[in-house]
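Following is a predicted model, sequence given first.
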Amino acid sequence: MNLLQTYFWWQTFWPLIISLTALSLLALLTQSLSTLDLIVDNRQSALTFLYITTLALPQLIAIILPLAVFISSLYTLNRLNTDNELTVAKAVSFSPWQISSPFVRLGVFALIAHLVINLFIQPLAFREMRTEILSIRTDVASQMVRPGEFVTPVPKLTVYAREILPNGNMKDVLIRDSREVDNPLTYTAKSGVLSRLDTQARLTLQDGIIQQFEDDGSLRPIIFESYQIDLSELNILDQVLRLKSSDRFLHELLRPDPMSFVDAKVVREFAAEGHARLATPLYNVALILLVLAFLARGEYQRTGYGWRIAVCGFLGFMARLFGFALTSMSESDPVFNYVQYAFPALIVLFCLWYLTNRNRVKNILVTTRPAPHVPLNRPLVPM
């Protein structure tokens with residue numbers, strides 16, 4: 001790229017970063033609302049909340065990136081037109097393609113980054129996020145004890161703790177264990193802590209009393225310094241990690257394991273997701289070329305480019321929405337998987353033809369009539 005093309009490239013790059021950051025933060029805000037309920041209900045830390053929210057970022061960027069590329073190129077080209085910088089470029093014999101080249105390069109870079117996110121980063125991040133969420137949902141401490149509440153984690157076992165410290169220690173613990181009908185027990189302790197080793201869960205109480213009834217109906221207290229209660233029944237919680245289509249790699253989507261026993265509907269959903277990951281990056285180039293077709297060609301207009309921007313913006317957003325609809329339709333009919341590639345490819349081909357063609361479209365569509373032939377030896381008519 002020459003100096004002027006490099007200038008155009010940087011003028012588009014920074015608006016792309018700003019728009020991508022703004023849209024990502026907005027999407028993260030909406031995404032975090034659903035995560036917040038999970039974190040609060042299970043008494044997890046703020047770091048866990050930030051970690052899970054960050055793991056959702058790659059998919060959000062993959063959704064937002066084509067729109068950010070579209071918005072930034074639309075803004076930059078409008079400003080370059082308004083400031084007469086494109087007029088200067090045309091005055092020094094820059095062709096429409098030479099003007100478009102830095103924008104297309106940026107679109108290609110966005111396409112490559114989008115493809116890397118779709119094929120590698122998103123599945124890795126989402127698998128880690130599912131694992132973390134499963135760990136939170138199956139956390140024995142959060143399922144068993146809530147400060148200031150009587151909780152029944154399993155039938156005939158009631159647990160109360162006045163306070164739970166940040167390190168997990170419980171203060172002033174009361175437990176009623178009626179799992180053995182003939183021998184109900186009541187535990188009170190100054191402190192307690194939950195521990196888990198593989199499939200074994202235990203509650204260790206410190207400085208407490210066990211109260212149980214004798215055969216004659218009398219109450220017999222047993223004082224202890226340390227006592228462990230077996231809570232293995234809490235492991236009935238589902239600890240199987242189930243991967244969704246968004247969590248799988250491309251080969252798992254297009255060629256699912258036959259031993260996984262997925263039905264035909266799930267296979268179609270996997271295929272639609274896999275083809276969408278390959279086809280969606282094409283919109284980064286398609287939408288940039290659409291903007292160039294509207295704003296990089298044509299003469300300077302003193303009245304501005306508001307009408308062109310409005311039409312281009314409408315067509316760009318409708319094209320992206322139609323791309324989402326194609327993914328949804330592909331889950332019902334696999335034929336639409338081919339359309340997922342064909343639609344952005346047609347936009348790219350048409351815009352490239354328009355940008356590289358020397359004649360205006362309106363001149364091509366109009367049928368030109370030859371000028372009437374005037375013979376050279378026609379006599380002059382006297383006045």
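Cool, got the structure.

Could I get the full set of helices for the stretch 51-200 of the chain?
Assigned by DSSP state H, counting those that start in this stretch, the stretch 51-200 of the chain shows helices spanning 57-82, 85-91, 96-116, 122-137, 140-144.

Which one of the ones you listed lies nearest to Leu292?
helix 96-116 (4.6 Å; Cβ to Cβ). From N, CA and C alone the C-beta is placed, and that goes for glycine too.

In stretch 86-95, which residues are buried?
86, 89-90, 94 (16 or more other Cβ atoms under 10 Å).

let me redo that: stretch 154-162
157-161.

low pLDDT regions in the stretch 1-150 of the chain?
1, 41, 43, 138-143 (pLDDT under 70).

Spell out which residues make up each domain of this protein.
The chain breaks down by automatic domain parsing into domains covering 3-137+243-365, 143-236.

Let me know the closest of the buried residues of stretch 86-95 to Asn183.
Ranked by distance to Asn183 (Cβ to Cβ), the buried residues of stretch 86-95 are led by Leu86 at 87.8 Å.

ok, the residue nearest to Tyr354 when sequence neighbours are not counted - contacts?
Distances taken as Cβ to Cβ, 6 or more residues apart in numbering put Ala293 closest to Tyr354, at 5.0 Å, once the chain neighbours are dropped. Residues in contact with Ala293 (Cβ atoms under 8 Å, 6 or more residues apart in numbering) are 350-351, 354-355.

Next up, phi/psi of Met215, please.
Slight slip there: residue 215 is Asp, not Met. phi -60, psi -30 (degrees, to the nearest 10).

Now do it, the pLDDT please.
On the pLDDT scale, Asp215 is placed at 76.

next one: Gln200
70.

On the strand side of things, show who it bridges to.
Leu197 (DSSP bridges).

Then Leu205?
Using DSSP bridges, the bridge partners assigned to Leu205 are Gly192, Tyr227.

My guess is it contacts Ile222. True?
No - in this structure, Leu205 is not within contact of Ile222 by Cβ atoms under 8 Å, at 11.8 Å.

Can you pick out the residue with more neighbours from those two?
Leu205 (23 against 12; other Cβ atoms under 10 Å).

That one and Leu287: what is the separation?
From Leu205 over to Leu287 the distance is 63 Å, taken as Cβ to Cβ, to the nearest Å.

What of Ser195?
As judged by Cβ to Cβ, Ser195 and Leu287 stand 55 Å apart.

Between those two, which is the more surrounded one?
Between Ser195 and Leu287, Leu287 has the larger neighbour count (other Cβ under 10 Å), namely 30 against 14.

hmm, back to that, return the closest of the contacts of Ala293 with respect to Thr188.
Nearest to Thr188, judged by Cβ to Cβ, of the contacts of Ala293 is Cys351 at 76.0 Å.

which secondary structure element contains that closest one?
For Cys351, the host element (DSSP states H and E) is helix 336-356.

Arg105 reaches Trp9, doesn't it?
Yes - counting by Cβ under 8 Å, Arg105 touches Trp9, with 6.6 Å between them.

Can you say which of the domains of the chain is packed in most?
domain 3-137+243-365 (a mean of 17; mean count of other Cβ atoms under 10 Å).

between the helices of the stretch 51-200 of the chain, which one is nearest to Ala279?
helix 96-116 (10.4 Å).

what about that closest one, distance to the chain center?
When distances are taken as Cα atoms, centre = their mean, to the nearest Å, helix 96-116 is centred 22 Å away from the chain's centroid.

What angle do helix 57-82 and that helix make with each other?
Orientation check (axes from the mean of the first three to the mean of the last three Cα atoms, to 10 degrees): helix 96-116 against helix 57-82 gives 170 degrees.

From the chain's centre, how far out is stretch 74-93? Work that out for me.
With Cα atoms, centre = their mean, you get 34 Å for stretch 74-93.

now do the same end-to-end measure for that stretch.
23 Å (Cα to Cα, to the nearest Å).

wait, doesn't Val311 sit right on Phe294?
Yes - under the criterion of Cβ under 8 Å, Val311 makes contact with Phe294 at 7.0 Å.

Output the contacts of Ala293 in a markdown table, with pLDDT appended to each entry.
Listed next are these as a markdown table, based on pLDDT from 0 to 100:
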| residue | pLDDT |
| --- | --- |
| Phe350 | 95 |
| Cys351 | 93 |
| Tyr354 | 89 |
| Leu355 | 85 |
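
ok, these vs Gln5, which is closest?
Taking Cβ to Cβ as the measure, Leu355 is the one of the contacts of Ala293 closest to Gln5, at 14.8 Å.
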